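Undergrad: dropping a prediction and its sequence here:
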Amino acid sequence: MGNGQSNRYSGGIIIGQIALLLLILGSIEYVVRAGIVGSLYLSAPTEVVKEIVKLFSDGEVFHHLSVTLREFAAGYALSAVAGIGTGMLLVLVPRAEVFFKPFLSALLAIPKVTIIPLLMLWLGIGLSNKVAIVFLFCFFTIAFNTITGIKQTAENHLKVARVFEASKVQTIVKVILPSAAPTIFVALRLSAATGLVGALFGEMIASKDGLGNLLVQATSLYNTAQAFAIITVVTIVSVLIIAIIDLLEKRVVLRWKSS
């Protein structure tokens with residue numbers, strides 16, 4: 001397929017996607033406006049847009065958004081560092097993997113939501129509580145994907161490193177981590193979405209601020225349009241975070257890997 005055909009094909013896909021989205025939104029607008037579905041249960045897209053504009057124009061959403069992002073960023077960064085570090089330790093020190101992996105597997109199996117009441121008891125309902133929740137939602141995915149990624153390092157690459165008498169650190173930095181990077185980034189993308197959900201979940205249970213708290217307020221007042229507006233804002237934020245991780249992978253890690 002030539003470049004011209006490829007561009008036309010891509011353009012056709014995008015037009016089709018926009019048409020499908022408009023069809024879905026138009027259908028929702030119609031069923032709500034016609035009273036087929038009550039506005040208490042579903043909001044017309046035009047009303048959602050008005051609520052989004054209102055949230056940003058009065059500045060209320062900026063405070064809550066900053067709180068949620070701060071909780072997410074702290075918990076996600078901690079889980080990324082700890083998850084990658086733990087994964088590397090368990091693979092590079094085989095006895096550590098044999099010893100610790102059953103404990104990690106057992107901790108992974110514990111439903112995270114059952115720990116949240118205990119976290120409230122131990123840490124209160126402030127920032128540290130939400131950071132801990134985000135950490136729990138992200139850590140295990142990153143750690144186990146790091147283990148998988150490192151174990152997929154081609155044996156030939158390790159042999160070449162040994163032939164050139166690479167040190168342990170050089171082997172890790174120049175061979176093992178670049179080989180494991182795609183798998184680690186898959187985990188980082190998955191964890192970004194679930195970590196944001198964790199922050200919102202913690203705010204919905206016990207918090208005075210944050211988008212989760214704002215969502216609870218909207219639903220308790222039966223303000224369906226505002227609830228959908230907040231969900232839309234959260235979705236956009238989640239997409240932007242994943243896009244940043246994709247960009248980081250393309251601009252930094254792939255260049256590092258090719259070098």
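TA: Thanks, I have it.
Undergrad: the strands in the protein, which residues?
TA: Counting by DSSP state E, no segments of the chain form strands.
Undergrad: what sits against residue 184?
TA: By C-beta atoms under 8 Å, 6 or more residues apart in numbering, residue 184 lies in contact with 84, 142, 145, 146, 149. C-beta coordinates here come from the backbone N, C-alpha and C atoms, glycine included.
Undergrad: nearest to residue 43, of these?
TA: Ranked by distance to residue 43 (C-beta to C-beta), these are led by residue 142 at 36.0 Å.
Undergrad: quick revisit: tabulate the contacts of residue 184 (TSV), appending distance to residue 112, neighbour count and pLDDT.
TA: Shown next, in TSV, are the contacts of residue 184 (distance: C-beta to C-beta, whole Å; neighbours: other C-beta atoms under 10 Å; pLDDT from 0 to 100):
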residue	distance to residue 112	neighbour count	pLDDT
84	20	21	93
142	14	26	94
145	17	23	92
146	19	26	92
149	23	24	89
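Undergrad: give me the neighbour count for the closest residue to residue 203 other than its chain neighbours.
TA: Leaving aside its sequence neighbours, residue 203 sits nearest to residue 212 (C-beta to C-beta, 6 or more residues apart in numbering; 2.8 Å). When neighbours are defined as other C-beta atoms under 10 Å, residue 212 has 27 of them.
Undergrad: residue contacts, residue 212?
TA: Taking C-beta under 8 Å, 6+ apart, one finds 68, 199, 200, 201, 202, 203, 204 in contact with residue 212.
Undergrad: give the contact list for residue 192.
TA: 76, 138, 238, 241, 242, 245.
Undergrad: mind redoing it with 7 Å?
TA: Listed by C-beta atoms under 7 Å, 6 or more residues apart in numbering, the contact partners of residue 192 are 76, 241, 242, 245.
Undergrad: so the first one touches residue 134, yeah?
TA: Yes: the pair residue 76 / residue 134 is scored as a contact, 5.9 Å apart, by C-beta atoms under 7 Å.
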